[in-house]
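Asks: Just need the structure, nothing else, for what follows:
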Amino acid sequence: MAFQKATFITSAPSLNDCPEPSLPEICFAGRSNVGKSSLINRITNKKRLARTSNTPGKTQQMNFYEIDNQFYIVDLPGFGFAKVPKKERDRWGRDIHEYLSKRSTLKLIMHLVDSRHNPTALDEEFFYWMASNEKPFAVLLTKSDKLSKNKLASAKKKTEQILSEMNIEVPVIPCSADNGAGTENIHSLITDFLETE
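Replies: Presented below is the predicted three-dimensional model:
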């Protein structure tokens, strides 16, 4: 299923600035420069919907996009490395944590991991936090077009192994903003999840 209509709604620096909690929300989270904005543009089929940059830390607020008048996709600031002052990074961390912990309409977290690298300690901490707090999530292995089939299969297996060792069983979907790989699987996952709510 393709999403037909995608509209930017607002940028929210904190939980209090988010839209009224009326529609279900699917948020995209991950390290800086993992490709959240590019992937959102791909799955909504709108090249300039979400602002992209080669500079880590470009997304500095929670950006809300309304999809088909039915739900929001939320692009979160990246965690980890970003060329911004530590005070600002700490603020992002607090705001993201508050959103993830308290937002009543948040239904699914898409956690993006660069397929070219093993999940980092920060990624693993986030896996554990989401599972411990009973937050439904999926892992999207981005930039899959940069790897051979064998290396991509190995990357997926490694991620699944890390999750299994934490007793976590969630979807792991290789995807690419460049060639569209995994787009249909992401659409299906979001659609199925919203329909079961």
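Asks: so who does L15 touch?
Replies: When the contact criterion is C-beta atoms under 8 Å, 6 or more residues apart in numbering, the partners of L15 are D95, E98, Y99, K102, R103. Every residue, glycine included, has its C-beta placed from N, CA and C.
Asks: What of I109?
Replies: I26, C27, A29, L100, M130, K135, P136, F137, A138 are the contacts of I109 under C-beta under 8 Å, 6+ apart.
Asks: And for E134?
Replies: Counted by C-beta under 8 Å, 6+ apart, E134 has zero contacts.
Asks: What helix or strand is it located in?
Replies: Remark: E134 resides in no helix or strand, with elements defined by DSSP states H and E.
Asks: Just the pLDDT for it.
Replies: E134 is assigned a predicted lDDT (pLDDT) of 95.
Asks: Helix or strand: which one has the residue sitting nearest the centre point of the chain?
Replies: For the chain, the residue sitting closest to the mean C-alpha position, by C-alpha atoms, centre = their mean, is F28 at 2.0 Å. Using DSSP H and E, F28 falls within strand 25-30.
Asks: any idea which helix or strand comes after that strand?
Replies: Per DSSP H and E, strand 25-30 leads on to helix 36-44 as the next helix or strand towards the C-terminus.
Asks: on that earlier part again, need the residues that contact the strand holding F28.
Replies: Taking C-beta under 8 Å, 6+ apart as the rule, strand 25-30 contacts 36, 39-40, 62, 64, 71-76, 78-79, 96, 99-100, 103, 105-113, 123, 126, 142, 190, 193.
Asks: List the ones among those residues that fall in strands.
Replies: Mapping these onto strands (DSSP state E) picks out 62, 64, 71-75, 106-113, 142.
Asks: between these, which is nearest A12?
Replies: Closest approach between the ones in strands among the contacts of strand 25-30 and A12, by C-beta to C-beta: M62, at 4.6 Å.
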